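Chemist: structure of the sequence below:
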Amino acid sequence: MIQHSKNSQPGHSRASSGWVSGLVGVLIFSGSLPATRIAVQGLDPIFLTVARATIAGTLGLILLLVFRETRPVRRDLLPLLIVALGVVVGFPLLTALALRHITSAHAVVFIGLLPLSTAIFGVLRGGERPQAAFWLFSALGSCAVVAFAVRNGLHASPLGDALMLAAIVACGLGYAEGARLSRHLGGWQVISWALVLSLPVMVPLTWWAWPASFAGVSQAALWGLAYVSLFSMLIGFVFWYRGLALGGIASVGQLQLLQPFFGLLLAGVLLHEQVPPVMIVVTVIVVACVAGARRFARAVPVRQAG
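Modeler: All right, here's what the predicted structure looks like:
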């Protein structure tokens, strides 16, 4: 990896690189809910959660050993635990449980609230201070997604909706904490260490939740497990945490507003779920809000007297 000094890589270049990396992460994550929806049709949600963490954690451990990464210091352990609880356990388990009550096309619109959750935790945990206009664009984008969800039947399942809201809070915290750690540990190292930290719990739980037989499990469900284990749980975070670290947690986090629409397209193609035409109009509004939020994500520098 080529190292750049602060002088050789301007802030604009770092931010642009962060946005590109973040967009790749969002594209990968967009397949998570459709893949989870497919997987839970043949696998227990608890098994799916612990199995994906075990598979990804094993791969992460191999990567850390191959590249001989330095172990995190003691002060990094609690933040890594928060990352593990948020994105390794909390979000996967809560969404898997929610998808037993609602469709992936319905659940994916809740991702529209994730940028606000991530930005709030970016302020609380990452020390970021976006301008007031940033919050306006972020709120407008989230409202557009929520309005789209209401129009398409937000009342489908109160329990499923509650589980998705809890998942968004857990994920926003995990994203912000992981991005803060990525500034000195590196993106793929953060998710790998968080996964490794969870292995002592996940491996026994995987053994305990192991199905009596896979005879009745479809190949599609197994492919869903493979996707969420490799891409959603590991590869996507390589790009996502790098993007948040380079471009800013609150700023790059707004790209998640696009994830519902990528996810809805996948749900329509893979699961043949209905995708309403109004989605195009809402997508245009969301893209405008993302662009506006990016412009005002950075705090205005305070002028020095004299």
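Chemist: mind listing the helices for the stretch 201-306 of the chain?
Modeler: Assigned by DSSP state H, counting those that start in this stretch, the stretch 201-306 of the chain shows helices spanning 219-227, 236-247, 249-253, 259-270, 278-295.
Chemist: okay, the ones you listed in TSV with mean neighbour count next?
Modeler: Where C-beta positions appear, they are placed from N, C-alpha and C, glycine not excepted. Below are these laid out as TSV (neighbours: other CB atoms under 10 Å):
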stretch	mean neighbour count
helix 219-227	17
helix 236-247	26
helix 249-253	31
helix 259-270	21
helix 278-295	17
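Chemist: which one of those lies closest to residue 120?
Modeler: helix 249-253 (8.6 Å; CB to CB).
Chemist: as a markdown table, the helices of the stretch 201-306 of the chain with mean pLDDT and distance to residue 174 would be great.
Modeler: Below are the helices of the stretch 201-306 of the chain laid out as a markdown table (pLDDT from 0 to 100; distance: least, CB to CB, whole Å):
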| stretch | mean pLDDT | distance to residue 174 |
| --- | --- | --- |
| helix 219-227 | 96 | 19 |
| helix 236-247 | 93 | 10 |
| helix 249-253 | 90 | 12 |
| helix 259-270 | 78 | 15 |
| helix 278-295 | 81 | 21 |
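Chemist: residue 103: which of those is closest?
Modeler: Of all these, helix 259-270 sits nearest to residue 103, with 7.4 Å by CB to CB.
Chemist: point out where the stretch 101-250 of the chain drops to low pLDDT.
Modeler: For the stretch 101-250 of the chain, the stretches with pLDDT under 70 are 105, 108, 149, 152-156.
Chemist: which residues touch residue 235?
Modeler: residue 28 (CB atoms under 8 Å, 6 or more residues apart in numbering).
Chemist: let's have the chain start at 5 instead
Modeler: In the new numbering, first residue 5, that becomes residue 239.
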